[in-house]
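J.: need a 3D model of the sequence below.
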Amino acid sequence: MDQLHILEKIKMIPVAYQQEVEDFIDFILQKKVKKKNEEKTQRKLGLLKGRMKMSDDFNAPLDDFIDYM
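T.: Residues are numbered from 1 along each chain as shown. Next up, the predicted model:
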């Protein structure tokens, strides 16, 4: 689909709906920018290494669920 074809369709849209079309175009453009920014800001692995500690009994069943086991 070429731009001329799209412009012809836009010209046929009633005036009452033109604001909705503009809002949708803005939404698509923002979505593209947001996706592009997300690709640039990927997290680096290992940033929290040594800063968190997991308890030794992490995988042990919780006392709250003893009745269900």
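
J.: if I pick residue 21, what's in contact with it?
T.: Residues in contact with residue 21 (CB atoms under 8 Å, 6 or more residues apart in numbering) are 10, 13. (C-beta placed from N, C-alpha, C; glycine too.)

J.: gap between it and residue 9?
T.: Using CB to CB, to the nearest Å, residue 21 is found at 10 Å from residue 9.

J.: now list whatever residues contact both of the two.
T.: With the criterion set as CB under 8 Å, 6+ apart, the contacts of residue 21 and residue 9 do not overlap.

J.: need the per-residue pLDDT for residue 38.
T.: For residue 38, the model assigns a pLDDT of 66.

J.: quick one, helices of the chain?
T.: For the chain, the helices defined by DSSP state H cover 3-12, 15-40.

J.: of all those, which lies closest to residue 47?
T.: The closest approach between residue 47 and any of these, judged by CB to CB, belongs to helix 15-40 at 16.8 Å.
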